[in-house]
Every structure is written in C-alpha cells, then in structure tokens.
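Asks: Just need the structure, nothing else, for what follows:
(one chain, ligands or ions: 1)
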Amino acid sequence: MKILVIMGSPRKGNTFHAAERIREILQQTLAVEWEYVMLRDVDLEQCRGCYTCFARGEEFCPIKDDASNLEQKMLDADGVIFATPVYGLQVSGLMKVFIDRHSYLFHRPRFFRQKALILTTAGAVGIKEVLNYLDLVARIWGFDVAARVGILSSATMEPLPAHREQENERRLQKAAAAFLEALQRGTRSRPGLMDVIFFHVGRAPSAELGERAPADHHYWADQGWLEKGRRYYVDVPVNPLYHFLGQIVEWYLRRQIRKDMLSAR
Ligand SMILES: Cc1cc2nc3c(=O)[nH]c(=O)nc-3n(C[C@H](O)[C@H](O)[C@H](O)COP(=O)(O)O)c2cc1C
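Replies: Residues are numbered from 1 along each chain as shown. I've put the predicted structure just below:
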C-alpha cells in the first residue's frame, strides 16, 4: 500500500511527528510504502493567475516545475495524507501554494481510487477551519476522505500535559483506524449530499460552456460525465434524494449560465 504525505510544515516538527505516529499505527497492521513530499524542498512556484490551466489544460502551464510530478505521485498512491500546521488561522503558505498550483483539479477531478486523511496541528485555534477547508479541497479533487484529525501542540515541541498527550494519541489512533479501514476496504464510500452537489455544480458549466471552456468540456465528455442521467463521477450507489437535489442545483446553474451568455452577446 503506497501512502504519500504532502507536508505543509517547513520543519520536521509537530505535524511531521503526528504523521509519523500515524505511520507507526498503520504499520502495525499493513505493509506500507511511505513517502513524504516536504513542500519546503519541492520546486513549486506561486501560481501566476494566467488561467491557462483552466482554459487550455494544465499541460500548457507556463511554469515548468514539480507541480505535475506531485499530481503523478498522488495518482500513484493508494492513500494521501494532507498535513499542515495552522498558520494565521488557515493552512500554511506552502500548502496554499500547492493547492493553488493544482486548481485545475477543482474543475477536472481525478483521484477517485485514492483515500485521504487530513491532518493538522495548532497551538490553540484554527483546527476546525483547516480541517473543513482541506476536507473540501480533497473531496472536490475526487478523494474519498476517510479521516480528519487535528491536535493541539506546543510550538517548542516540549512535552504537553499528560491529559493533552493522551487526547492527541486518542485522536491519532481513531483517525489512523478509519484510514486503515478505508485502505483495506478499497471500495469507494457512497458519496454524501455535498459530493453529489459538487458533481452537478461542475457538470453545469462543463456542459453549457462547451467550446468556451474546451479543457473542462472535453475532459467531462471523455469521462462520460455529461451523459444524461449520470449520477456521479464513478459508479457507486447514489442516494435518490441527493441525486434529485443535485439535478435541481444543476438545472438552476445551467439556466443562469445560459442567461449570462445571452446577455454577454
Ligand atoms: C507563522 C505561524 C503562524 C501560526 N498561526 C497559528 C494560528 O493561527 N493558530 C494556532 O493555533 N497556532 C498557530 N501557530 C502555531 C502552530 O500551528 C503550531 O505550533 C503547530 O503545531 C506547528 O507545527 P509544526 O511544528 O509542524 O511546524 C502558528 C505558528 C507559526 C510559525
């Protein structure tokens, strides 16, 4: 089983040690091939905002650095851990640059085989915001998010009070167990309401804009995602109520897009 850790801390500190603890727990049951991508050591420039990846395709990005290698590493993995400390109430800058540079994935998701675990550490506040944000990013990129865990830590990496250490250990154990279960199961979890809504939110512009957004349109068409009655990216049972609600959202969005295109003429 291949596990990739995208590490958004610039040091081998609290977040790295939490990831190592998850590795230890998994390795008690599973043979894992473990790889860290330390974003601090990766050649990853800031996004220049040219929109080329959205419009023409990521292969036309003018920046030639490690971004596409990182996508390939995620595709090759069975599980990906997105790990970051809380910085200024959100993910670290390293993690944000990584996400920005892969923003075409919000339009053209692809990690449907991979399980994800979201991990963050903080001194006091911001855990919920970071977990919610990274969970959303990973889901829209296609990941099956199996677990999310946030722990409190000391900036100087000194030992915490015993009760805090115990609570952190309990949380890491719980998240590792859920991740392990998902990795061993292999099959995809049923999509939740928001997953189904995201599918329809993505489908509306990909279908309506057509050749005005060729990269998205061709990608969606090639995957068969524009076919009538399609319920989700992959063939998994979809709750009929979620499907119904998703269709309403898509119908409304498509109407808005058509209106906007008419008035722009
Ligand atoms: C630049 C910077 C900003 C930080 N911002 C926050 C914050 O908003 N909320 C918080 O609870 N902790 C904050 N912290 C503390 C770190 O989140 C915390 O110490 C974390 O465990 C560090 O992880 P690391 O050792 O893996 O780098 C910040 C630390 C730094 C260096």
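Asks: show me where the stretch 151-265 of the chain has strands.
Replies: Applying DSSP state E, counting those that start in this stretch to the stretch 151-265 of the chain gives no strands.
Asks: and it, which of its residues are near the ligand?
Replies: By the rule C-beta under 6 Å from any ligand atom, the part of the stretch 151-265 of the chain lying against the ligand is 153, 155. Every residue, glycine included, has its C-beta placed from N, CA and C.
Asks: Could you give the average pLDDT over stretch 138-145?
Replies: For stretch 138-145, mean pLDDT is 97.
Asks: in the stretch 151-265 of the chain, which spans are helices?
Replies: Secondary structure of the stretch 151-265 of the chain by DSSP state H, counting those that start in this stretch: the helices cover 162-185, 193-208, 214-222, 240-263.
Asks: other SSEs contacting the last one?
Replies: Looking back up the chat, that one is helix 240-263. helix 193-208 (3 or more C-beta pairs under 8 Å, 6 or more residues apart in numbering; DSSP states H and E).
Asks: ok and the residue in the protein nearest the ligand?
Replies: Gly13 (2.3 Å; C-beta to the nearest ligand atom).
Asks: residues contacting that residue?
Replies: 85, 157 (C-beta atoms under 8 Å, 6 or more residues apart in numbering).
Asks: So for it, what's the pLDDT?
Replies: pLDDT at Gly13 comes out at 95.
Asks: gap between Trp251 and Leu245?
Replies: 11 Å (C-beta to C-beta, to the nearest Å).
Asks: Comparing the two, which residue is more hemmed in?
Replies: A side-by-side neighbour count of Trp251 and Leu245, using other C-beta atoms under 10 Å, places Leu245 first with 15 against 12.
Asks: list the contacts for that one?
Replies: Applying C-beta under 8 Å, 6+ apart, the residues contacting Leu245 are 193, 196-197.
Asks: ok, 10 Å please
Replies: The contact partners of Leu245, taken as C-beta atoms under 10 Å, 6 or more residues apart in numbering, are 193, 196-197, 200, 239.
Asks: cool, and Gln166?
Replies: Leu160.
Asks: Where does pLDDT dip in the stretch 51-200 of the chain?
Replies: Across the stretch 51-200 of the chain, nothing is flagged by pLDDT under 70.
Asks: let's see it at 80
Replies: Within the stretch 51-200 of the chain, the segments meeting pLDDT under 80 span 157.
Asks: Format the helices of the stretch 151-265 of the chain as JSON lines; extra columns: distance to Lys96.
Replies: Output for the helices of the stretch 151-265 of the chain, formatted as JSON lines (distance: least, C-beta to C-beta, whole Å):
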{"stretch": "helix 162-185", "distance to Lys96": "23"}
{"stretch": "helix 193-208", "distance to Lys96": "20"}
{"stretch": "helix 214-222", "distance to Lys96": "23"}
{"stretch": "helix 240-263", "distance to Lys96": "27"}
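Asks: among these, which is nearest Val86?
Replies: helix 162-185 (14.5 Å; C-beta to C-beta).
Asks: Can I get the closest one in PDB, CA atoms only?
Replies: Output of helix 162-185 as PDB, limited to C-alpha atoms (Å, rounded to 0.1, in the frame of the first residue of the first chain):
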ATOM      1  CA  ALA A 162      -0.300  14.300  30.200                       C
ATOM      2  CA  HIS A 163      -4.000  14.700  29.600                       C
ATOM      3  CA  ARG A 164      -3.300  16.600  26.400                       C
ATOM      4  CA  GLU A 165      -0.900  13.900  25.100                       C
ATOM      5  CA  GLN A 166      -3.500  11.300  25.800                       C
ATOM      6  CA  GLU A 167      -6.200  13.200  24.000                       C
ATOM      7  CA  ASN A 168      -3.800  13.700  21.000                       C
ATOM      8  CA  GLU A 169      -3.000  10.000  21.000                       C
ATOM      9  CA  ARG A 170      -6.600   9.000  21.100                       C
ATOM     10  CA  ARG A 171      -7.400  11.300  18.100                       C
ATOM     11  CA  LEU A 172      -4.500  10.000  16.100                       C
ATOM     12  CA  GLN A 173      -5.400   6.400  16.800                       C
ATOM     13  CA  LYS A 174      -9.000   7.000  15.800                       C
ATOM     14  CA  ALA A 175      -8.100   8.700  12.500                       C
ATOM     15  CA  ALA A 176      -5.500   6.000  11.700                       C
ATOM     16  CA  ALA A 177      -8.000   3.300  12.300                       C
ATOM     17  CA  ALA A 178     -10.600   4.900   9.900                       C
ATOM     18  CA  PHE A 179      -7.900   5.500   7.300                       C
ATOM     19  CA  LEU A 180      -6.700   1.900   7.600                       C
ATOM     20  CA  GLU A 181     -10.300   0.600   7.300                       C
ATOM     21  CA  ALA A 182     -10.800   2.600   4.100                       C
ATOM     22  CA  LEU A 183      -7.500   1.500   2.600                       C
ATOM     23  CA  GLN A 184      -8.100  -2.200   3.300                       C
ATOM     24  CA  ARG A 185     -11.700  -2.000   2.100                       C
END
